[in-house]
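Enquirer: Model the following, please.
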Amino acid sequence: MKVHFIAIGGSAMHNLAIALHLKGYQVTGSDDEIFQPSKGRLEKYGLLPAEIGWDEKTISSDIDAIILGMHARAENPELLKAQKLDLKIYSYPEYIYEQTKEKTRVVIGGSHGKTSITSMILHVLNYHNIDHDYMVGAQLEGFECMVKLTEKAQIAVLEGDEYLSSPIDRRPKFHLYHPNIALLSGIAWDHINVFPTFENYIEQFRIFTDKIEPNGTIVYCELDENVKKVSEQARTDIKQLPYATHAHRIEKGVSILKDKNGKEHPLEIFGEHNLQNLNGALLVCEKVGVSQADFYKAIQSFSGASKRLELVKRTAGSVMYKDFAHSPSKLKATTQALKTQFPERELIACMELHTFSSLNKEFLSQYDGAMKNADKAYVYYSPKTLSHKKLQDLSPDEVKTAFNSNNITVFTDSNDLVNSLRTNNWQNKNLLMMSSGNFDGVDFDKLGEELLA
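Expert: Here you go, the predicted model:
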């Protein structure tokens, strides 16, 4: 098979390119910009384009499949040439389905928790040497590539993103996977630039449940009213498996599971949202043949996905964590998790308004009370990012009003935020950094070493 990637440098795209290369396919690709770590990883496998940019001469009639990334545009010259030659053109999710359509597909969907739940399932399957294909959206410890596609594996575990598939396919990615086993973790309005109303956003999850294969299964968090409503309205042939927070206790900052037989299992992860995610992962693993006893044995060593409540620095009296959280529901869950785990310590939580939705004036009110569980809450946004995204200006007072809690301090310069952190004595205090970005270049590891030394 000869496959060409248009926009090969994307975080998902380059992983799929590597996976197909490892499968023995002839892989080529192009892009107008490729950054690290994609650049280094493509170079390692001999897949880095010789030149940066688009060139229609790379498109020929002997290519079996074109895989089109979201980063490309509809008028891309390579895409136009492929259309002219009537080549098979796939979006990323379409090609994942093409590779897994004969397998049992497990698809993890939801506004939050997707990566964590997918990672938990992969950890358990790997622990017990159960062969499987997968696609996950974050770098995981012990994984060379975030996509694996083989001929032999009978199970495929896929993270189901609700964002659009490609420049010429405006369907959400998770509509294209047709799961045998689906999971919904939560529904909280996101991607306002694509789904302008909450009802329109919810409708995407209804469609997702309609795409479940005949006699399939929906595993869902019954604590989320939107998820519960959508899941309970699924077709009558679909089996419903609800879950809530797993029974547990907390001792000296460690969460300890209690199973149905009264046995206890200490964890490396924590937080009520993670104990919900874990319960969902347990039900999925049971559906693919893993016993509860084997699940508990494996999950004890799960340390979490990258940037999902990831430990940066620990001392005797302090911890620093970083998290991908940026939406209101994620901020609430993550700040509450850290405060509940260490109730005797002061929590200073920092978040960056970085995404299109979070910086949108109409969406900003959704952050009402999102960081109230922190003792001090620092909110940062860059006026340059607003300008780059062509959004209306925001004032610090508007941001503070939207978050609607007395603990909020707003920064528009990340250096000022970091300097404010430096003024603290960190004994008996915890630090949480939350963003889908990096606060305009803050090195979290160096910051942790400096503050918590």
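
Enquirer: First-to-last residue distance for stretch 18-28?
Expert: 10 Å (CA to CA, to the nearest Å).

Enquirer: How far off centre is that stretch?
Expert: Using CA atoms, centre = their mean, to the nearest Å, the distance from the centre of stretch 18-28 to the centre of the chain it belongs to is 25 Å.

Enquirer: and that stretch, which residues are buried?
Expert: 18, 19, 20, 21, 22, 27, 28 (16 or more other CB atoms under 10 Å). Where C-beta positions appear, they are placed from N, C-alpha and C, glycine not excepted.

Enquirer: In TSV, list those residues along with secondary structure, pLDDT and distance to residue 162.
Expert: Shown next, in TSV, are those (DSSP: H, G, I helix; E, B strand; the rest coil; pLDDT from 0 to 100; distance: CB to CB, whole Å):
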residue	secondary structure	pLDDT	distance to residue 162
18	helix	97	25
19	helix	97	22
20	helix	97	25
21	helix	97	28
22	helix	96	28
27	strand	98	28
28	strand	98	30
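
Enquirer: Tell me the one of those residues nearest residue 424?
Expert: residue 18 (42.4 Å; CB to CB).

Enquirer: residues contacting the nearest residue to that closest one once chain neighbours are set aside?
Expert: Excluding the flanking residues, the one nearest residue 18 by CB to CB, 6 or more residues apart in numbering is residue 145, at 5.0 Å. By CB atoms under 8 Å, 6 or more residues apart in numbering, the contact set of residue 145 is 15, 18, 19, 22.

Enquirer: just residue 232 next, same as before
Expert: Residues in contact with residue 232, defined by CB under 8 Å, 6+ apart, are residue 240.

Enquirer: give me phi/psi at it?
Expert: Taking degrees, to the nearest 10, you get phi -70, psi -20 for the backbone angles of residue 232.

Enquirer: if I look at it, how far off is residue 219?
Expert: In this view, residue 232 and residue 219 are 13 Å apart by CB to CB, to the nearest Å.

Enquirer: same check, this time on residue 55
Expert: Taking CB to CB, one finds residue 55 at 45 Å from residue 219.

Enquirer: okay, these two: which has more neighbours?
Expert: Counting neighbours by other CB atoms under 10 Å for residue 55 and for residue 219 shows that residue 219 has the greater number, 26 against 13.

Enquirer: shouldn't the more buried one be in contact with residue 183?
Expert: Yes: Residue 219 is within contact range of residue 183, at 4.3 Å (criterion: CB atoms under 8 Å).

Enquirer: List the residues that contact the most centrally placed residue in the chain.
Expert: Computing the C-alpha centroid of the chain and ranking residues by CA atoms, centre = their mean puts residue 115 first, at 4.4 Å. Neighbour list for residue 115: 136, 137, 138, 159, 305, 308, 324 [criterion: CB under 8 Å, 6+ apart].

Enquirer: cool, and residue 59?
Expert: Contacts of residue 59 by CB under 8 Å, 6+ apart are 4, 66, 78, 81, 82, 85, 87.

Enquirer: Of those residues, which belong to helices?
Expert: Mapping these onto helices (DSSP state H) picks out 78, 81, 82.

Enquirer: got a list of what residue 272 touches?
Expert: Contacts of residue 272 (CB under 8 Å, 6+ apart): 245, 333, 336, 337, 340.

Enquirer: Just the pLDDT for the fourth one.
Expert: With respect to pLDDT, residue 337 has a value of 92.

Enquirer: And the closest residue to it other than its chain neighbours, its phi and psi?
Expert: Spatial nearest neighbour of residue 337, excluding adjacent residues (CB to CB, 6+ apart): residue 271 at 2.7 Å. Per-residue torsions, residue 271: phi 100, psi 140 (degrees, to the nearest 10).

Enquirer: Would you confirm that residue 271 contacts residue 336?
Expert: Yes: look at residue 271 against residue 336 with CB under 8 Å: they come within range, at 7.5 Å.

Enquirer: between these two, which one's more packed in?
Expert: A direct count of neighbours by other CB under 10 Å for residue 271 and residue 336 places residue 271 higher, at 24 against 18.

Enquirer: any idea which helix or strand carries residue 12?
Expert: Per DSSP states H and E: residue 12 is located in helix 11-22.

Enquirer: oh sorry, the question was meant for residue 138
Expert: Using DSSP H and E, residue 138 falls outside every helix and strand.

Enquirer: And the helices in the stretch 351-453 of the chain?
Expert: 383-388, 396-403, 414-422, 444-451 (DSSP state H, counting those that start in this stretch).

Enquirer: could the ones you listed be laid out in JSON lines, adding distance to residue 263, mean neighbour count and mean pLDDT?
Expert: Putting the helices of the stretch 351-453 of the chain into JSON lines (distance: least, CB to CB, whole Å; neighbours: other CB atoms under 10 Å; pLDDT from 0 to 100) gives the following:
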{"stretch": "helix 383-388", "distance to residue 263": "49", "mean neighbour count": "13", "mean pLDDT": "90"}
{"stretch": "helix 396-403", "distance to residue 263": "42", "mean neighbour count": "16", "mean pLDDT": "96"}
{"stretch": "helix 414-422", "distance to residue 263": "41", "mean neighbour count": "16", "mean pLDDT": "97"}
{"stretch": "helix 444-451", "distance to residue 263": "35", "mean neighbour count": "16", "mean pLDDT": "96"}
